[in-house]
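Colleague: 3D, please:
(2 chains)
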Amino acid sequence: AQSVTQPDIHITVSEGASLELRCNYSYGATPYLFWYVQSPGQGLQLLLKYFSGDTLVQGIKGFEAEFKRSQSSFNLRKPSVHWSDAAEYFCAVEAGTASKLTFGTGTRLQVTL
Amino acid sequence: EAQVTQNPRYLITVTGKKLTVTCSQNMNHEYMSWYRQDPGLGLRQIYYSMNVEVTDKGDVPEGYKVSRKEKRNFPLILESPSPNQTSLYFCASSSPTTEGGYGYTFGSGTRLTVV
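Modeller: From the prediction side, this is the model:
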């Protein structure tokens, strides 16, 4: 069965600093990978997804993620964080044969001014 | 507008009192799912449905029931809620994409408190 690990429960960065959120997955075949963001009291918003092709994926709000098969990773990056980026971020993997997302436990991002 | 609509958004109930959380989608998606979100655990799938009258258990189905009598609706039923079902619930619908895999649309969530 597939699984997702987000090693960092909580990260604090200064506004304007760069950000990298880690995500490692476990799945035998090529996975479909997603990053979602959840602002306080809000639902889930899709930031970006990887299905195939170019391993560097661009998303909304200036985020990007890189799929590295050799490391089983799909880390999320942003070159310059804004205070409004404070939220919880979830990485998810889909097995592909069934419509099911397996989520990581999330990383809460705090942005200091 | 393509959307998944859940109701209610907030619900406080007492232990043992049956409740239903409704979910409706207007995209003609075949797949629908329910997830629960708990602090430190992320989102976990409760049940899913591949089509009308076809449902199956997800990772945490105990204490829940679902039905899929119409393609657009997928209600979540708690026949005897307990405090450990206090959680944030999300309904999702999905369909295959041309790139492979599925595209997902999530509802806004239902925050349930069982006292």
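Colleague: now do the residue nearest the centre of chain B against A:S14, distance only.
Modeller: Residue closest to the average C-alpha location in chain B (C-alpha atoms, centre = their mean): B:W34, at 2.6 Å. Distance check for B:W34 against A:S14: by C-beta to C-beta, to the nearest Å, it reads 38 Å. C-beta here means a position set from N, CA and C on the backbone, and glycine is covered the same way.
Colleague: can you pull the buried residues of the helix or strand harbouring B:S49?
Modeller: Using DSSP states H and E, B:S49 maps to strand B:42-51. Neighbour counts using 16 or more other C-beta atoms under 10 Å in any protein chain shown place B:G42, B:L43, B:R44, B:Q45, B:I46, B:Y47, B:Y48, B:S49 of strand B:42-51 among the buried residues.
Colleague: how about the contacts made by the closest residue to the fifth one other than its chain neighbours?
Modeller: Read it as B:I46. In space, and not counting its chain neighbours, B:I46 is closest to B:W34: 4.3 Å by C-beta to C-beta, 6 or more residues apart in numbering or on different chains. Taking C-beta atoms under 8 Å, 6 or more residues apart in numbering or on different chains, we find B:W34 in contact with B:23, B:45-48, B:58, B:64, B:66, B:74, B:76, B:89-92.
Colleague: picking that back up, against which helices or strands is the strand holding B:S49 packed?
Modeller: strand A:87-94, strand A:101-103, strand B:31-38, strand B:54-57, strand B:65-66 (3 or more C-beta pairs under 8 Å, 6 or more residues apart in numbering or on different chains; DSSP states H and E).
Colleague: and of the ones you listed, who's closest to B:G109?
Modeller: Proximity to B:G109 (C-beta to C-beta) singles out strand B:31-38 among the helices and strands packed on strand B:42-51, at 7.8 Å.
Colleague: parallel or antiparallel, list what pairs with that closest one.
Modeller: In the sheet, strand B:31-38 lines up against strand B:42-51 (antiparallel), strand B:87-96 (antiparallel) (DSSP bridges).
Colleague: save those strands as JSON lines, and put in distance to A:W35 and mean pLDDT too.
Modeller: Formatted as JSON lines, these follow (distance: least, C-beta to C-beta, whole Å; pLDDT from 0 to 100):
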{"stretch": "strand B:42-51", "distance to A:W35": "13", "mean pLDDT": "94"}
{"stretch": "strand B:87-96", "distance to A:W35": "16", "mean pLDDT": "95"}
